[in-house]
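S.K.: Please find the sequence and the predicted model below.
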Amino acid sequence: MALNYVWLAFFLIAFVVALFRLLVLGDYGVFSNVMTGMFESAKTGAEISLGLAGIMTFWLGVMRIGEKAGMIQVFARAVNPFFSKLFPGIPERHPAMGSVMMNFSANMLGLDNAATPVGLKAMKELQELNPTPDTATNAQIMFLVLNTAGITIIPTSVIALRIASGSANPADIFIPTLIGTFISFVSGMIAVAIYQRINLFRLPILVFLGGFGLLMLGMYSWFRHLTPEAITTYTSLLGGLIIFSIIVSFLVMGLLKRINVYEVFIEGAKDGFTTSVLIIPYLVAMLVAISAFRSTGCMDYVVNGIGYCFAQLGINTDFVPALPVGLMKTLSGGGARGLMVDVMQHYGADSFQGRLASIMQGSTETTFYVLAVYFGSVNIRKTRHALACGLIADLVGVIATIIIGYIFFH
C-alpha cells in the first residue's frame with residue numbers, strides 16, 4: 001500500500017511541476033522530455049529484468065545444488081544464533097537462513113551479480129513460510145530493509161570510478177564509507193525492530209555488532225598501508241575467491257553425496273528465467289515513475305530547497321552539490337552513479353564534494369529498486385512498513401555520511 005501511494009505521488013508531483021514549467025517558465029519541451037524519459041525507463045526496466053536471466057539461471061542452479069548437498073543448511077546453522085533473534089518467524093535451520101546470510105555476504109563484498117540472485121532465492125524461501133501470500137511477513141521486511149541498508153565492507157566500484165576520475169588517493173573514502181554503511185545498517189535494524197517489537201539487547205546481536213566493529217578495525221589496519229591499486233586488486237581477488245570457493249564447495253559436497261549435480265543444476269536453473277520475467281512489471285512501474293519525477297526537475301527543486309534552508313540558518317552548504325547522489329541512490333543506482341561522476345568531474349575527485357559524493361554512493365542503497373524487484377519476484381503487493389523503515393535507514397545514512405564527510409575531509 002505504501003508503494004502505491006509513493007508511486008502515485010511521483011506521477012502527480014511530476015505533472016504539477018511540468019505544468020508549472022510550461023505555464024510559468026515557458027518550457028514547451030517539458031512534456032516531450034518527460035514522455036521520452038518514461039519510455040526509455042520502461043525499456044531499461046525490461047532490459048534489466050531480462051539481463052538478470054543469465055545470472056539468475058546460473059545462481060539458482062548453484063543454490064539448488066547447495067540445498068541438495070546440505071551446504072545451505074550448514075550456512076543456516078552457522079548464522080542461526082544471530083539471525084534467529086532478528087527473524088523469529090523463520091524455523092530453526094530453515095534453508096532461508098543460509099540464503100539470507102549468503103546475500104548479506106555478497107553485498108558486503110560489493111558483489112552485486114551474486115547478491116541479487118541469492119537474495120531473490122531467499123525471498124522465495126521466505127515466501128514459502130508466508131500464510132498470506134500477497135502481504136509481506138515480518139521476516140521478509142527485516143530482510144529487505146537490512147538488504148537496502150546494506151553493509152558494504154569494500155566499495156570496489158566506487159574506488160574504481162575514483163581511479164578513473166583521476167583521484168590521487170581513490171581509497172581514502174574506504175573507512176568513511178565503512179562507517180556510514182554500518183550506521184545505515186544499524187538504523188534500519190532498529191527501525192524494523194521498533195515496528196516488530198524485537199529486543200535487540202541480546203547477546204548474539206551484541207556480539208555480531210561488536211564483531212563487525214572489530215572487523216572494520218582489522219580491515220582498516222590491513223588496507224591503510226596499501227596503495228589504491230593494491231586495494232582494488234586485493235578486494236577483487238577476495239570477492240572472487242570467496243564466491244568461487246562457495247561454488248566449488250557445493251559441487252564437491254554434491255559429488256560426495258552422490259548427487260547428479262548437472263541434473264540438479266538444470267532443475268534449479270529453470271526457475272531463473274521465470275523469476276526474471278516475473279519482476280518486469282514491478283520494475284518498469286517504479287522506474288517509469290522515478291523517471292517522470294526526475295525529468296521534470298523535481299529532484300533539483302528538492303536539493304535547491306534544502307540548500308536554501310540550510311543557508312538561511314547559517315549552516316555551511318558545501319555538502320549540497322553532493323546531496324543529489326544520496327537522494328538519487330534511493331531511487332536509482334545508475335542515476336546516482338552518473339551524478340557521482342558528474343560531481344567529481346565538476347569539483348574534482350579529491351574535492352570535499354567529490355569525496356562526499358563517493359561516500360554517499362557507497363553508503364546508501366536503491367530502496368525503491370530493491371523493494372520493487374524483491375517483492376515483485378514473489379507477487380507481494382502489501383509491503384506494510386518495509387518502505388518506511390527502508391527510507392528511515394536511507395535518511396540516517398545520508399545524514400551520517402554528511403557528518404562523516406565533514407569530520408574526515410572538511
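M.R.: On my side now, so go ahead.
S.K.: Can you point out the buried residues in stretch 251-267?
M.R.: In terms of neighbour count (16 or more other C-beta atoms under 10 Å), stretch 251-267 has its buried residues at 251, 253-254, 259, 261, 264-265. All C-beta spots, glycine's among them, are computed from the backbone N, C-alpha and C.
S.K.: Which pair of the residues you listed spans the longest distance?
M.R.: The largest separation in these, counting by C-beta to C-beta, is between 253 and 265 at 13.5 Å.
S.K.: Make a markdown table from the buried residues of stretch 251-267 and add pLDDT, secondary structure and distance to residue 301 to it.
M.R.: Below are the buried residues of stretch 251-267 laid out as a markdown table (pLDDT from 0 to 100; DSSP: H, G, I helix; E, B strand; the rest coil; distance: C-beta to C-beta, whole Å):
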| residue | pLDDT | secondary structure | distance to residue 301 |
| --- | --- | --- | --- |
| 251 | 90 | helix | 54 |
| 253 | 89 | helix | 55 |
| 254 | 89 | helix | 56 |
| 259 | 88 | coil | 58 |
| 261 | 89 | helix | 55 |
| 264 | 88 | helix | 53 |
| 265 | 90 | helix | 51 |
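S.K.: Among these, which one sits closest to residue 93?
M.R.: Scanning these for proximity to residue 93, where the rule is C-beta to C-beta, the winner is residue 253, at 16.7 Å.
S.K.: circling back to that earlier point, save the buried residues of stretch 251-267 as TSV, and put in distance to residue 26 too.
M.R.: Below are the buried residues of stretch 251-267 laid out as TSV (distance: C-beta to C-beta, whole Å):
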residue	distance to residue 26
251	64
253	68
254	67
259	69
261	66
264	64
265	60
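S.K.: Check those against residue 183 and report the nearest one.
M.R.: For the buried residues of stretch 251-267, the nearest to residue 183 is residue 253 (37.5 Å; C-beta to C-beta).
S.K.: What is the burial count for the spatially closest residue to the closest one that is not a sequence neighbour?
M.R.: Nearest residue to residue 253 in three dimensions, chain neighbours excluded: residue 69, at 3.9 Å (C-beta to C-beta, 6 or more residues apart in numbering). By other C-beta atoms under 10 Å, 22 other residues sit near residue 69.
S.K.: try the one 5 residues further on
M.R.: Other residues lying near residue 74 total 14 when counted by other C-beta under 10 Å.
S.K.: Pull the contacting residues for it.
M.R.: residue 98 (C-beta atoms under 8 Å, 6 or more residues apart in numbering).
S.K.: Now it: which helix or strand?
M.R.: helix 71-86 (DSSP states H and E).
S.K.: CA atoms only: put the helix or strand that that helix is followed by into PDB for me.
M.R.: Next helix or strand after helix 71-86 toward the C-terminus (DSSP H and E): helix 95-108. Below are the C-alpha coordinates for helix 95-108, written out as PDB (Å, rounded to 0.1, in the frame of the first residue of the first chain):
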ATOM      1  CA  PRO A  95      17.300 -23.000   4.300                       C
ATOM      2  CA  ALA A  96      16.200 -19.400   4.100                       C
ATOM      3  CA  MET A  97      18.700 -18.600   6.900                       C
ATOM      4  CA  GLY A  98      21.500 -19.700   4.700                       C
ATOM      5  CA  SER A  99      20.300 -17.800   1.700                       C
ATOM      6  CA  VAL A 100      19.900 -14.700   3.700                       C
ATOM      7  CA  MET A 101      23.400 -15.000   5.100                       C
ATOM      8  CA  MET A 102      24.900 -15.500   1.600                       C
ATOM      9  CA  ASN A 103      23.000 -12.500   0.300                       C
ATOM     10  CA  PHE A 104      24.400 -10.300   3.100                       C
ATOM     11  CA  SER A 105      27.900 -11.700   2.500                       C
ATOM     12  CA  ALA A 106      27.800 -10.900  -1.200                       C
ATOM     13  CA  ASN A 107      26.500  -7.400  -0.500                       C
ATOM     14  CA  MET A 108      29.300  -6.700   2.000                       C
END
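S.K.: Specify the angle between helix 95-108 and helix 71-86 in degrees.
M.R.: With axes from the mean of the first three to the mean of the last three C-alpha atoms, to 10 degrees defining the directions, helix 95-108 sits at 90 degrees from helix 71-86.
S.K.: Show the average pLDDT along helix 95-108.
M.R.: Average pLDDT, helix 95-108: 77.
S.K.: Check which helices and strands it is in contact with.
M.R.: On a contact count with 3 or more C-beta pairs under 8 Å, 6 or more residues apart in numbering; DSSP states H and E, helix 95-108 meets helix 30-69, helix 71-86, helix 112-127, helix 138-149, helix 228-256.
S.K.: Nearest to residue 277, out of these?
M.R.: helix 30-69 (7.0 Å).
S.K.: Mind listing what's buried along that closest one?
M.R.: So for helix 30-69, counting by 16+ other C-beta under 10 Å, buried means 30-31, 34, 37-38, 41-42, 44-46, 48-49, 52, 55-69.
S.K.: you'd agree residue 170 is up against residue 355?
M.R.: No - applying C-beta atoms under 8 Å, one finds residue 170 not in contact with residue 355, separated by 10.1 Å.
S.K.: Could you pull out the residues contacting both of these two?
M.R.: Residues touching both residue 170 and residue 355 (C-beta under 8 Å, 6+ apart) are residue 349.
S.K.: Between those two, tell me which one has more neighbours.
M.R.: Taking other C-beta under 10 Å, residue 170 and residue 355 do not tie; residue 355 has more neighbours (27 against 24).
S.K.: What distance do you get for that one to residue 401?
M.R.: For residue 355, the distance to residue 401 (C-beta to C-beta, to the nearest Å) stands at 10 Å.
S.K.: what's the overlap in contacts for the two?
M.R.: residue 176.
S.K.: how about the helices of the stretch 151-300 of the chain, start to end?
M.R.: 156-164, 174-196, 203-223, 228-256, 261-278, 280-295, 298-312 (DSSP state H, counting those that start in this stretch).
S.K.: Now tabulate these in a markdown table and tack on distance to residue 129.
M.R.: Formatted as a markdown table, the helices of the stretch 151-300 of the chain follow (distance: least, C-beta to C-beta, whole Å):
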| stretch | distance to residue 129 |
| --- | --- |
| helix 156-164 | 34 |
| helix 174-196 | 15 |
| helix 203-223 | 21 |
| helix 228-256 | 23 |
| helix 261-278 | 18 |
| helix 280-295 | 21 |
| helix 298-312 | 38 |
